[in-house]
Every structure is written in structure tokens, then in C-alpha cells.
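>>> The sequence isn't on hand, but the structure is:
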């Protein structure tokens, strides 16, 4: 997983049928935790994350595991909202 | 998913049989949203995207989910046309 | 696999149900072995790794193989603690 | 898919049995289309591509779809020879 | 596949049970063929490669295809020893 911050929303009326109902959030991999200005992605949210929250994002086939159907064409998903992180 | 702009078309007469009938579009990950001059890819389109439109693009095994057959050898697909996006 | 050092922990109360019970560690791909300051990831640990240890980290669908269920939405996992490495 | 140019061949006598018979080509992601000097890969060819031709290359699990067996250990494949491409 | 040079070994006593018996080699994507100083990985070897040899390395789910079991948690594998390569 990568550590991202939720920074926005995307709306797409014309889309794959299996994406219907998914909340699509714009996330940015946090510069303090491995990201850069240019690490911006769109992830489907399954945990109720809000703008400004730090989240855990998974990619690839793993993203489909969270939607109860292997047919959902999403390759990134928010799987957790970070409470605390500690780097030693 | 990544946010891309559709910038062109590719034609290939000699190709894998399971790619027949797919519309292959050249997409560029948008510089304002995480891409660079060099983020150019070819994605199969399933939503009727046109040149100049902003789209959502998925990669890897997820791309095959949109073509109704796991045998389609496409590893990138356009899955939505972006109406609006909001970054806060 | 990539060679990483365990540098921290992440806590997330609100998360995918199938992540419950997994220990989520912050790992950094070691600069001496292919990483940079910005190569920071979160990996689920299955071998009991501790802060400061050098570990082997796998990504993608392979990460799910270590948790006894293909439904675990983790795309990075620590699969070994490095005793020695020798570069000639 | 990425847009590559076929620039060479690789020969390997000692190799995985399931790679036997595959033509292994060295491809370079074209600098005009997203690549750099350092974007050099080896892809298995299934469409009869020749040196100097522009081709479409797929990666990951998608590459295995073109060889009629999921056991072929190739993670990149040439799936089409580009006739024309148009960027607007 | 990427073209790598075998540059070392890794030993890990404490590791995933399904990695037992695999020879873990440190490989570096060759600077002349697409790699950089920082392209260092650990790949499981199935073809008997030795230090200093040029090899073909696969990644992701493809790596598991070479070990006769989909449960082996290795995401990179050496699948061939390069005899000759020719770039035109």
C-alpha cells in the first residue's frame, strides 16, 4: 500500500456499468511518505474517507478484492483511514 | 486509475486476433494531474471517448474486465469520461 | 522482491474488514539496494519483522498468497527477514 | 499498451521449458511516444514483428493471454504491428 | 522481461514457508540495457544462474508460474540465462 491524502472527487456520467455507485476520489501520495507533486491517482473508496484524510491505497488486482465482485473495473482502492503513523 | 487526455489513435492491421474490433486510443496522463510529457500510453476504449476528452484509465488485469472476455490481450482501458473533477 | 528496512507502523481503525489483525509496517526500500528517500510503502507483515530489520517485500497479487486467503486486500507483504546479503 | 520499436534479439539456451519456441525480441519504448533511452525490455513476439518496426507491447498477466497457455513465463508480449498512428 | 546481471545472494532464515528451498539472487537491471545504479531487485532462480551472468527476469504473477505452485510468494524470477543479445 501507499500512504495518500484524499484531495478531491471525480464525476463521470459515461462510464463502465460496473463502476456505477462507486465513490471515485482523487488521492495524492503524500510527499512526506514517498510521493511527489505528480503522484496523483483516482481510487474507489470503500471505507468512507473524506477530503483531507490520510488513507491507505492498494493497486492492481488487489483493488478488486474490496468490492465483492471481481468484475469491478477499478485498479486502485482506499482500504483504510490512517489514525496514526509512527516512523522511528 | 489515472487521469488522462485522449490525444490520438493507433491502427494495427497485423495484431492478436482477440484485439480485433477494439478501438485503440493514444492517451496522455495529464500533466496537471500526475502525468508528464512522457506519460503516453495506448488504451482500448469501451465508453466511446473522443479526442480531447479527459478520461479515467485502468491498467493491468483490471483492463481485461471491461471486454467481457479474459482473453483480450489489452492491459490498459478507458473506463470513464470525466465530466467534472474537483481538487480542494 | 525488493530489499527494504522496516521504519515504522501504521494504525487504521476504520479499514477493510479483511485487513483486521494484520500488522501494517512502514518500509523503505534501502538506498544502498535500489531505493531512494521517496521509496516508502506500507506492507503487511507475516514473519514477525521488527523496526530496523532488513526485509524482503513482495508486491501485487503475490502479496495475497501469504495470508491464506485471496480476499485480503493487501498488495505488499514482508515475506522474509534478511540475515545476510552478499554483493560481489 | 506502450508504443515500442523492435531493436534486437535475445538468445537463451538455458531457460524455463515453457519459454521454448518463443521469439524473444528487445524492444525500446519510443522516445517520441513516452519512452526514454533507458526504456528497454524483452518481449515475446506473437505477431511476426521485425527489427525496426513500431509495435504495441503489453505487460503483466496480460502477456500470457497471447500464448494459449497460462503457464508461459513471459511478462511482456508484442501484440500488434503499428501501421499508422495519429496524434492530434 | 528485463535484462539483468546477477550480482549477489540473499539469505533469510525467518521467511514464508513457501519460499523454503528457493535460491534468492540479487539482480541489477543492466545500465546498458535499460537499468540504473538503483535498479536492484531480489529474484528467485529456477535456471541455475551464477554470479556475473546476464539473465532474463520476469515480475508479478508471471514469476509464480515457474515454481510449479501458485502459492510461492515470489514476485520476481530468473527465467533464462542470456547467451547472446544483438541490438541493431
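Cool, got the structure. These figures come from a predicted structure and were not determined experimentally. Numbers count the residues shown, from 1 in each chain, chains lettered A, B, ... in the order given.
>>> any bit of stretch A:71-87 sitting next to chain C?
Yes - against chain C, stretch A:71-87 shows contacts by C-beta under 8 Å from any C-beta of the partner chain at A:77, A:79-87. In this view, the C-beta of every residue, glycine as well, is placed from N, C-alpha and C.
>>> hmm, which of these are the buried ones?
Buried members of the residues of stretch A:71-87 next to chain C, scored by 16 or more other C-beta atoms under 10 Å in any protein chain shown, are A:77, A:79-82, A:85.
>>> Around chain B, which positions in chain A sit nearby?
A:7-16, A:18-19, A:24, A:26, A:38-43, A:51-52, A:60-61, A:63-64, A:70-76.
>>> Go back to the residues you listed and keep what's next to chain D.
Counting by C-beta under 8 Å from any C-beta, no member of these reaches chain D.
>>> Quick check: the residue of chain A nearest chain E.
At 8.1 Å from chain E, residue A:61 is the closest residue in chain A, using C-beta to the nearest C-beta.
>>> ok, and for the longest strand that chain A contains, which residues are buried?
Counting residues, the longest strand in chain A under DSSP state E turns out to be strand A:2-11. The neighbour-count criterion (16+ other C-beta under 10 Å) identifies A:2-6, A:8-10 as the buried residues of strand A:2-11.
>>> which residues in chain A form helices?
Applying DSSP state H to chain A gives helices spanning A:61-64.
>>> Which residue ranges of it form strands?
Taking DSSP E as the criterion, chain A carries its strands at A:2-11, A:14-15, A:23-29, A:40-45, A:54-59, A:76-81, A:84-87.
>>> could I get these as TSV with distance to chain E and mean pLDDT?
Shown next, in TSV, are the strands of chain A (distance: least, C-beta to the nearest C-beta, whole Å; pLDDT from 0 to 100):
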stretch	distance to chain E	mean pLDDT
strand A:2-11	17	96
strand A:14-15	27	96
strand A:23-29	19	96
strand A:40-45	19	96
strand A:54-59	12	97
strand A:76-81	16	98
strand A:84-87	22	95
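>>> How about the contacts made by the residue lying closest to residue A:47 once chain neighbours are set aside?
Once flanking residues are discounted, residue A:47 sits nearest to residue C:14: 5.5 Å by C-beta to C-beta, 6 or more residues apart in numbering or on different chains. Counting by C-beta atoms under 8 Å, 6 or more residues apart in numbering or on different chains, residue C:14 makes contact with A:47-48, A:80-81.
>>> Give me the neighbour count for the closest residue to residue A:4 other than its chain neighbours.
Excluding the flanking residues, the one nearest residue A:4 by C-beta to C-beta, 6+ apart is residue A:27, at 3.9 Å. Look at residue A:27: counted by other C-beta atoms under 10 Å in any protein chain shown, it has 26 neighbours.
>>> Return the set of residues that bridge with residue A:27.
For residue A:27, the beta-bridge partners under DSSP bridges are residue A:6, residue A:41.
>>> tell me which of the buried ones among the residues of stretch A:71-87 next to chain C is nearest to chain B?
For these, the nearest to chain B is residue A:77 (10.3 Å; C-beta to the nearest C-beta).
>>> re earlier: kindly write the ChimeraX command that selects the buried subset of the residues of chain A next to chain B.
The following ChimeraX line selects those of the residues of chain A next to chain B that are buried, judged by 16+ other C-beta under 10 Å:
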select /A:8,9,10,12,15,16,18,19,24,26,39,40,41,42,43,60,61,63,64,72,73,74,75,76
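>>> about what we covered before: same list (the strands of chain A) but as a markdown table, adding distance to residue B:31.
Formatted as a markdown table, the strands of chain A follow (distance: least, C-beta to C-beta, whole Å):
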| stretch | distance to residue B:31 |
| --- | --- |
| strand A:2-11 | 16 |
| strand A:14-15 | 23 |
| strand A:23-29 | 15 |
| strand A:40-45 | 10 |
| strand A:54-59 | 21 |
| strand A:76-81 | 20 |
| strand A:84-87 | 30 |
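>>> out of these, nearest to residue C:34?
strand A:2-11 (17.3 Å; C-beta to C-beta).
>>> for the closest one, packing partners?
Helices and strands touching strand A:2-11, by 3 or more C-beta pairs under 8 Å, 6 or more residues apart in numbering or on different chains; DSSP states H and E, are strand A:23-29, strand A:40-45, strand A:54-59, strand B:84-87, strand C:40-45.
>>> Including distance to residue B:33, could these go into TSV?
TSV is the format used below for those (distance: least, C-beta to C-beta, whole Å):
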stretch	distance to residue B:33
strand A:23-29	8
strand A:40-45	5
strand A:54-59	16
strand B:84-87	8
strand C:40-45	22
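>>> show me the contacts for residue A:3.
A:29-30, A:33-35, A:54-57, A:82, A:85, C:10, C:26, C:40, C:42.
>>> change it to 7 Å
Neighbouring residues of residue A:3 by C-beta atoms under 7 Å, 6 or more residues apart in numbering or on different chains: A:29-30, A:33-34, A:54, A:56, A:82, C:42.
>>> Ok, residue A:86 next?
C:8-9.
>>> and with 10 Å instead?
Going by C-beta atoms under 10 Å, 6 or more residues apart in numbering or on different chains, residue A:86 touches C:7-11, C:26, C:51.
>>> Please name the bridge partners of it.
Under the criterion used (DSSP bridges), residue A:86 bridges to residue C:9.
>>> ok, the residue of chain A found nearest chain D - contacts?
Of chain A, the residue with the smallest distance to chain D, taken as C-beta to the nearest C-beta, is residue A:61 at 8.1 Å. If a contact means C-beta under 10 Å, 6+ apart, then residue A:61 has A:70, A:75, B:60-62, B:65, C:60-61, C:64, C:70, C:75, D:60-61, E:60-61 as its contacts.
>>> Could you rerun that using 8 Å?
Contacts of residue A:61 (C-beta under 8 Å, 6+ apart): A:75, B:60-62, C:60-61.
>>> I'd like those residues as TSV, with pLDDT appended.
Formatted as TSV, the contacts of residue A:61 follow (pLDDT from 0 to 100):
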residue	pLDDT
A:75	97
B:60	96
B:61	95
B:62	94
C:60	96
C:61	95
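>>> quick one, what contacts the residue lying closest to residue A:38 once chain neighbours are set aside?
Spatial nearest neighbour of residue A:38, chain neighbours left out: residue B:34 (5.1 Å); criterion: C-beta to C-beta, 6+ apart. Counting by C-beta under 8 Å, 6+ apart, residue B:34 touches A:38-41, B:2-3.
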